[in-house]
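# Sharing a model prediction with you, sequence too.
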Amino acid sequence: MTDISLSGLFRRFRWRVSLTFLLVVVESALGVLYPLLIGLAIDDLLADSLEGLQLLGLLGLASVFVGSARRFYDTRIYAGIYEVVAVELVERETEQAASVSRTTARTDLLAEFVDFFEDSMPEVLGALISLIGILIIVGGLSLPVLWGCLALMTLVVVIYTLTARRNYRLNAAYNDQYEQTVDVISSRNRSRYVAHFASLMRWNIRLSDLETINYAVFWVGAVGLFLFAPYSAVNSGFLEAGLILSLLLYVFEFIEWLASLPLHIQQVIRLREISRRLAAGS
């Protein structure tokens, strides 16, 4: 049985997965250039030049081509990976005389790994590439705003370092309960239905509450950066109007990407727990 983990699946299908990752990197790198070219296009238009606008149009066409190619490729690659690994998982569970309930639940959990590679991993890679690119460009435009962005990023790292262990335990408890779903339904016992789904929702609420607290702390920091960036940009006195707009667009985009990372961190923690469960085979 193959190693069912993010790293294990990547090692086994590394060449196919690496190609889609490469396309994600190219697509994300192109995306980072949008705010800068928008600002340059505005300054060129104010100077009666269409050069910036033409570059912006070429960037748009390149992004459409790369993004479309990646999506066509992704769908076929990850469908094939799931077909192979799902059959192996069912065969292993059958050899161990596992219940239909557990086998069904674990094939559902396996699908989360493939979905993560197809849907979330491009977003994670895109976010990382975008964050790095944005920080480089912002640093070239305004060092004070760069320090503000780095401070917000540090806050996110601290929040999720402090809550990672609790997050893992809550996911483990939720999955323990989830694996009983088919058996509970097969029992035809209403009291078991009520108890089972009430327990599932209790664990779900606890996970959601933890995420909400983290979300609130992050957005307090984000609001501070929202206020600081335009004040610093306007008072710097050396940026043209188009570049000030570019800087603010980069800050907004930075916060948007940074806000998406916690959702993926939560998903990675959940997949680590699922990986342990599937690897144990018990």
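Great, that's in hand.

# does residue 49 count as helix, strand or coil?
Three-state assignment for residue 49 (DSSP: H, G, I helix; E, B strand; the rest coil): coil.

# Next up, phi/psi of it, please.
phi -130, psi 140 (degrees, to the nearest 10).

# That one: neighbouring residues, count only.
As a burial measure, residue 49 scores 13 neighbours (other Cβ atoms under 10 Å). (Glycine included, C-beta is placed from N, CA and C.)

# got a pLDDT number for it?
pLDDT, residue 49: 83.

# Next one: it from residue 162, what distance?
51 Å (Cβ to Cβ, to the nearest Å).

# Most distant residue from the centre of the protein?
In the chain, counting by Cα atoms, centre = their mean, residue 48 sits farthest out from the average C-alpha position, at 41.0 Å.

# Can you report phi and psi for residue 211?
Main-chain torsions, residue 211, degrees, to the nearest 10: phi -70, psi -40.

# Leaving out sequence neighbours, find the closest residue to it.
Closest residue to residue 211 apart from its sequence neighbours, by Cβ to Cβ, 6 or more residues apart in numbering: residue 266 at 6.2 Å.

# burial count for that neighbour?
Neighbours of residue 266 (other Cβ under 10 Å): 19.

# Likewise for residue 85?
Neighbours around residue 85, by other Cβ under 10 Å: 23.

# residue ranges for the helices of the chain, please.
Assigned by DSSP state H, the helices in the chain fall at 6-12, 14-46, 51-95, 100-115, 121-141, 143-178, 181-186, 190-236, 241-280.

# average pLDDT for stretch 115-133?
Mean per-residue pLDDT for stretch 115-133: 79.

# Report the distance from it to the chain centre.
Relative to its parent chain, stretch 115-133 has a centroid offset of 6 Å by Cα atoms, centre = their mean, to the nearest Å.

# Burial check on the residue nearest to residue 229 when sequence neighbours are not counted, number of neighbours?
Nearest non-adjacent residue to residue 229, counting by Cβ to Cβ, 6+ apart: residue 251, 4.3 Å away. A count of nearby residues for residue 251, using other Cβ under 10 Å, gives 26.

# thinking residue 251 is in contact with residue 146, fair?
No - judged on Cβ atoms under 8 Å, residue 251 makes no contact with residue 146 at a distance of 10.0 Å.

# who touches both of those two?
The contact sets of residue 251 and residue 146 overlap at residue 138 (Cβ atoms under 8 Å, 6 or more residues apart in numbering).

# Residue 129: neighbouring residues, count only.
20.

# Show me where the stretch 1-150 of the chain dips below the pLDDT cut-off.
Residues of the stretch 1-150 of the chain that meet the criterion pLDDT under 70 lie in 1-7, 98-102, 105-106, 109.
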